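Participant: Sequence and predicted structure below; questions after.
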Amino acid sequence: MEKLKRYLIFLIGLFINSLGVSLITKADLGTSPISSVPYVLSLNFPFTLGQFTIVFSLVLILIQFLILRKNFRLEHLLQIPVSVLFGYFIDLLTAKINRQYFRQNRPACPGSIRSACSKSGSQDSSVQIGVFRQRIPRPMGNIFSP
């Protein structure tokens, strides 16, 4: 039961995160750094932001596999369904948001609040660079020192 509760909370967080991406992009306020590449591609090609987000995430997972090599664990593949769900949520919510109804100042607040909450609560810097720590034996603080 506890595991089900954790998965449900994770899905709600993923949904809220994709809501923030949709609100900010629909309001023409830009987008987050991780969504910038899919956003620019969606402006120039006939695919949606969510579809490009899925593809971009899969490319990043492939790069992670190439960096980790034998240290890549099977559980890392769980990123794939999460990436697909995130892209699907972005497309679903972007289609539901009416640009005429939301003026630029209305979605800015919930989008920014969502962005701030997800950044502060879910993205630990040690997790961000954990892939590189496994491959590079030197301490990360001294990696660029001569």
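Facilitator: Arrived safely, thanks for sending. Just so it is clear, the model here is predicted, and its values are computed rather than measured.

Participant: Show me the shaky parts of this structure.
Facilitator: Residue ranges of the chain with pLDDT under 70: 99-146.

Participant: and the longest helix for it?
Facilitator: helix 2-26 (DSSP state H).

Participant: which helices and strands does that helix pack with?
Facilitator: helix 33-44, helix 79-96, helix 105-122 (3 or more CB pairs under 8 Å, 6 or more residues apart in numbering; DSSP states H and E). Yep, even glycine has a C-beta here, placed from its N, CA and C like the rest.

Participant: at 10 Å what do you get?
Facilitator: Using 3 or more CB pairs under 10 Å, 6 or more residues apart in numbering; DSSP states H and E, the elements in contact with helix 2-26 are helix 33-44, helix 49-68, helix 79-96, helix 105-122.

Participant: which parts of that helix are buried?
Facilitator: Across helix 2-26, burial judged by 16 or more other CB atoms under 10 Å covers Leu14, Ile16, Asn17, Ser18, Leu19, Gly20, Val21, Ser22, Leu23, Ile24, Thr25, Lys26.
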